[in-house]
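Q: Output the structure for:
(chains A, B and C)
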Amino acid sequence: MQPPLPRSFYTRGAVQVARALLGKVVAHGQTSGTIVETEAYLGPGDDASHSARGITPRTRVIFGPPGHAYVYLIYGMYECLNLVAEPEGVPGCVLIRAIEPVSGLDQMRRRRGVARIEVLANGPGKLTRALGIHLRHSGTDVTRGPITVHPPARDTPIEIAVSTRIGITKCADLPLRFFIRGNPYVSRGSGAS
DNA sequence: CAATAGATCATCT
DNA sequence: GATGATCTATTGC
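A: Purely as a prediction, here's the structure:
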């Protein structure tokens, strides 16, 4: 596995980072997967983002230096993994919505309690469970670990498709969701194709 | 197949 | 006290 992506990768707009993350590999322990679906969350003006209403203890990390993990609990049940973008002081992050499992498949199956590979990590709450990512990982540096993001082992050409974000009620019309067109591991509830 | 109900809690008001 | 950037099981065609 190649070294993690440098902090400069994340030091740019959240939309750019969201697009650039497609095809990259996120790893935690022995488990890893290729990112196939992302969403960008901006700062003030994007009322769907947690950082829209300023700094709180939880959202502090989104305003901090790029290349860190922002993990939060949703619906009392599931953790969601974001990667912080933008220079320090500027809010913006990228939600990882789906990955294609690459390594540690048996451990992922055990953590998830399902066998079918297509369904192991094709959703934001599923992939954190498959990778063993928890709330306590919020604020950790993904250029150092334990969660890391790497270039793919083999660079394969991809076509990026764009749509509106899923599951939100505010700012629901912005084209800020990005996914690899035709990839079978993109989450359902999608306007894929 | 589509629609819906319920689980469950950190965070913010 | 209200609110979710979700998922699964179950119901009803």
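
Q: which element is residue A:109 on?
A: Assessed by DSSP states H and E, residue A:109 sits inside helix A:105-112.

Q: What's the mean pLDDT across that helix?
A: The average pLDDT within helix A:105-112 is 97.

Q: So what's the gap between that helix and the chain middle?
A: 19 Å (C-alpha atoms, centre = their mean, to the nearest Å).

Q: is any part of the helix or strand following that helix close to DNA strand B?
A: Beyond helix A:105-112 in the direction of the C-terminus, DSSP H and E gives the next helix or strand as helix A:124-131. No - remark: helix A:124-131 sits outside contact range of DNA strand B, by C-beta under 7 Å from any atom of the strand, the gap being at least 9.3 Å. C-beta: built from backbone N, CA, C; applies to glycine.

Q: packing partners for helix A:124-131?
A: strand A:25-28, strand A:31-41, strand A:69-74, strand A:78-84, strand A:93-103, helix A:105-112 (3 or more C-beta pairs under 8 Å, 6 or more residues apart in numbering; DSSP states H and E).

Q: Name the residues that touch it?
A: Applying C-beta atoms under 8 Å, 6 or more residues apart in numbering, the contact partners of helix A:124-131 are A:26-29, A:31-33, A:71, A:74, A:77-81, A:95-99, A:101, A:108, A:111-112, A:119-121, A:133-134, A:147, A:187.

Q: contacts with DNA strand B among the residues you listed, please.
A: Filtering the contacts of helix A:124-131 for proximity to DNA strand B by C-beta under 7 Å from any atom of the strand leaves residue A:77.

Q: Can you select the buried ones from the contacts of helix A:124-131 in PyMOL?
A: Those of the contacts of helix A:124-131 that count as buried under 16 or more other C-beta atoms under 10 Å are selected in PyMOL with:
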select buried, chain A and resi 26+27+28+31+32+33+71+79+80+81+95+96+97+98+99+101+108+111+112+120+121+133+147+187
